[in-house]
Every structure is written in structure tokens, then in C-alpha cells.
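S.K.: what shape does this take:
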Amino acid sequence: LLYTPDLLERTRHTPMQSGAIAKRKKNVSKAFAFNTKYREAVAGKTLLLIDDVYTTGSTVNACAKALKKAGAKKVYVLCVARVCAIE
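M.R.: Model (predicted):
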């Protein structure tokens with residue numbers, strides 16, 4: 001198991017996530033880029049992406065897309081906490 005905290009790089013600052021899901025998706029779209037020094041380590045591999053808080057999934061989806069584009073076979077996500085709406 002290889003831990004690589006710099007596998008993804010933030011390409012631009014994104015404001016705190018709030019608002020509608022579509023707004024959140026647009027906010028993080030292309031905000032993460034794959035660190036090309038790991039190209040061989042990722043190609044064809046199954047990865048586990050760990051995130052602290054899952055709200056709408058916009059951030060982990062943007063990260064997973066960047067990893068798949070870099071050649072990852074599959075990307076699984078593990079989150080420590082999930083935001084739930086209380087009605």
C-alpha cells in the first residue's frame with residue numbers, strides 16, 4: 001500500500017463549499033490535477049482516495065476523474081464523515 005499525499009495537486013483555490021449541487025460541481029471542476037511523477041505507479045491500478053468530509057461528492061468526484069484520466073483502473077473513496085441534512 002503506497003501513501004501518496006501529493007498524488008493530486010490543487011490547481012486553483014476554491015471557496016468554501018456551499019449552495020446547490022450544480023454550483024459545488026462547477027466550483028471544483030478542474031481544481032485538481034494529477035502529479036505526473038506518479039504516472040507509472042497509477043497506470044492500471046485500483047486506488048483508494050481518502051477524504052475527510054463528504055458533503056455532495058463534488059470534490060471526490062473531481063479528484064477521481066483526474067485519477068481516471070491519469071490511467072487509474074478504478075478509484076474507491078473512503079470518507080471519515082458524511083454531512084447529513086436534518087429535517
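
S.K.: what residue is smack in the middle of the chain?
M.R.: Cys63 (2.5 Å; CA atoms, centre = their mean).

S.K.: for that residue, grab phi and psi.
M.R.: Per-residue torsions, Cys63: phi -70, psi -40 (degrees, to the nearest 10).

S.K.: got a list of what it touches?
M.R.: Applying CB atoms under 8 Å, 6 or more residues apart in numbering to Cys63 gives the contacts Leu8, Phe32, Leu49, Asp51, Val75. Placement of C-beta: from N, CA and C, glycine included.

S.K.: gap between it and Phe34?
M.R.: Distance, Cys63 to Phe34, by CB to CB, to the nearest Å: 9 Å.

S.K.: mutual contacts of the two, please.
M.R.: Leu8.

S.K.: check contacts around Val60.
M.R.: Val60 makes contact with Leu49, Asp51, Tyr54, Val77, Cys79, according to CB under 8 Å, 6+ apart.

S.K.: do I have it right that the second one meets Val80?
M.R.: Yep, that's Asp51 we're talking about. Yes - under the criterion of CB atoms under 8 Å, Asp51 makes contact with Val80 at 7.4 Å.

S.K.: show me which of the two is the more surrounded one.
M.R.: Applying other CB atoms under 10 Å to Asp51 and Val80 shows that Asp51 carries more neighbours, namely 15 against 9.

S.K.: is the more buried one in a helix, a strand, or coil?
M.R.: What DSSP: H, G, I helix; E, B strand; the rest coil gives for Asp51 is strand.

S.K.: mind checking pLDDT for it?
M.R.: In this prediction, Asp51 carries a pLDDT score of 93.
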